Each structure stands twice: as structure tokens, then as C-alpha cells.
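Student: How does the following fold in three dimensions:
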Amino acid sequence: MLTLLSVVLLGFFLGMRHATDPDHVVAISTIVSRERSVAAAAVIGVMWGIGHTMTILVVGGAIILFGIVIPPRIGLAMELSVALMLILLGMLNLTGVMQLPDHPPGHDAHVHVHSHGDFVHTHRHGHAPAAHSHAEDATPLGWLDRTFRRLGAYQMIRPLVVGVVHGLAGSAAVALLVLAAIPTPAWGIVYLLVFGTGTIAGMMLITAASSLPLAYTKTRFSRVNHYLAVASGVLSVAFGLFLVYRIGFVDGLFTSAPRWIPD
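Tutor: From the prediction side, this is the model:
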């Protein structure tokens, strides 16, 4: 009993380490690049962890309880969903921070970081009455925020959905680890819960830490803040494309002989 309890408790620390996987950090950094406070970023990390844990419990629990075997092509497809999500997050982020609309001459225009509610982007701006040259929803990401913010839960749903997708890619590996170390299904489910709790705690700390430079530079060094937001978007797209290549061609999802080893 003590041995099993020790293994389950170890799951908490393994869950915290799991939160530091590169694809997790890249995705969450891209999301929090638009947040204006460390507390808001930490909440986003918690929601990501909850979504991740939900998928781990559903998929991992099914593997443990019913002995479900995931075919290689389906396993790789679940991992590919993470790559595509990273590309989408990066592109949405870049469309918000890189759009620089033209500004009419003679309006004391300059470039600065500008916010509408919680949506932060960069554009040419002047202090004359008609100098603000675009509507608040002039970018795709801004339109999404403007359209869905009335739902209230929209800001929380985004990281929750991202966490769910990430859970698809990691659930099989976690479940197989549990089967190898904990033969009792009930203890296996407990392990998944503790593992998920550790992941939530780890991601909360990561998002809070990653938002510090952005929160600091937002009011003091607006151009640096802009460059950091651009860098997070570029990194997300680049890493997503790298994963698409690795999953599709190295691991063989796009070939006739896929090779998938959950890790």
C-alpha cells in the first residue's frame, strides 16, 4: 500500500514536469502574450491544466479500465492536432500584433501598442480627433474577442480547449506508464487525478512566470512588448510546422507505415 501511495504521490511531481513540455510552454506563452496581468495569466494556466486533466482522465481512464489500444495512425493524428493548434494560435497572435494600418497624413501619427479591453495590438495612432484609423474589431483576433467576450466564459474557454487538445496527445503515454507501474485500476485512476493536479499547478506557475516580462514591458517599454508578442507568435508557428514535419514524415502519419511510440 505504501509503495502504491508513493507512486501516486510521485505522479504530482511528474505532472508538474509534464507541464514544462516544449509544446505546452509554446502554446501557453502565445496565449498569455496578450494578457496584461500576472494573475490573469495564472488563471489561464489553471484553465489549461483543467482541460488537459479532463482529457487525460477520459482517454487515459478508458485505456486503463477497458484495455483500449490506440492504433498508430490515430495516435499520430492526435499529436498532429497539437501541431495544427500551435500554428493556428501563432497566426492569430501575429494577425493581432503585426497589423499596421495606413494613417492619413497630418494627424500627428505614431506607432504604439494599443489595447481595446483585453485585446492588445500595435497600430499607427495619432492624438487628433479622427486619428484612430480603425475599428476595434479590425483584426481577426480582435473580432473574435469583440464577438464572444459577451459570453463571459470565452476568455476561459480558449485555454481550456487548448488544454483538452494537448491532453489528447499525452493521455496514451500517461496511461501506459500507469499500467506498467500500477496494476490496480482504481489506483490508476487516482494516479491520473494526482498527475492532473500536478499539471495544473505546474502550468499555473509557468504561465505566471512567462507573463512577467510582458506585464513589465507593457507600460514601460511598449515596443519591446510588441516584439515579445511577435516573437511568441513566430515561435508558435515555427514549432507547429516542425511538429507537422516530424509527425507527418519522420513518424510516418502521411505515409503507408506510421510508427507511433507514446512518450
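
Student: For the stretch 1-150 of the chain, which segments count as strands?
Tutor: Under the criterion DSSP state E, counting those that start in this stretch, strands of the stretch 1-150 of the chain are mapped to 110-116, 119-125.

Student: longest helix of this structure?
Tutor: helix 185-220 (DSSP state H).

Student: Distance from it to the middle of the chain?
Tutor: 11 Å (Cα atoms, centre = their mean, to the nearest Å).

Student: now do stretch 236-253
Tutor: Averaged C-alpha coordinates place stretch 236-253 at 17 Å from its chain's average position (Cα atoms, centre = their mean).

Student: which outside residues touch it?
Tutor: With Cβ atoms under 8 Å, 6 or more residues apart in numbering as the contact definition, stretch 236-253 has outside contacts at 22-23, 26-27, 29-30, 73, 76-77, 79-80, 82-91, 93-94, 254-255, 258-260. To be clear about C-beta, it is placed using only N, CA and C from the backbone, and glycine gets the same treatment.

Student: could you list every residue that touches P185?
Tutor: P185 sits next to 64-65 when contact means Cβ under 8 Å, 6+ apart.

Student: Renumber starting at 794 from here on
Tutor: Got it, first residue is 794 now, which makes that one P978.

Student: So what's the predicted local confidence for it?
Tutor: With respect to pLDDT, P978 scores 88.

Student: Tell me how many other residues crowd F859.
Tutor: Applying other Cβ atoms under 10 Å, we find 9 other residues in the vicinity of F859.

Student: could you measure it against L873, distance?
Tutor: Taking Cβ to Cβ, to the nearest Å as the measure, F859 and L873 are separated by 25 Å.

Student: The nearest residue to A812 once chain neighbours are set aside: how many residues sit nearby?
Tutor: Sequence neighbours aside, G995 is the residue nearest to A812 in space, at 3.1 Å (criterion: Cβ to Cβ, 6 or more residues apart in numbering). G995 is flanked by 23 other residues according to other Cβ under 10 Å.

Student: what's the answer for M840, then?
Tutor: 25.

Student: just S822 next, same as before
Tutor: Counted by other Cβ under 10 Å, the residues lying close to S822 total 23.

Student: Mind checking which of the contacts of stretch 1029-1046 are buried?
Tutor: Among the contacts of stretch 1029-1046, those classed as buried by 16 or more other Cβ atoms under 10 Å are 816, 819-820, 822-823, 869-870, 872-873, 875-876, 878-880, 882-884, 886-887, 1051, 1053.

Student: Mind checking which of the residues you listed are in helices?
Tutor: The members of the buried ones among the contacts of stretch 1029-1046 that map onto helices under DSSP H are 816, 819-820, 822-823, 869-870, 872-873, 875-876, 878-880, 882-884, 886-887.

Student: measure W1053 to I993 for me?
Tutor: Using Cβ to Cβ, one gets 27 Å for the distance from W1053 to I993.

Student: Do you know the pLDDT at D816?
Tutor: In the predicted model, D816 carries a pLDDT score of 91.

Student: give the contact list for it.
Tutor: Residues near D816 by Cβ under 8 Å, 6+ apart: 875-876, 879, 959, 962, 1032, 1036.
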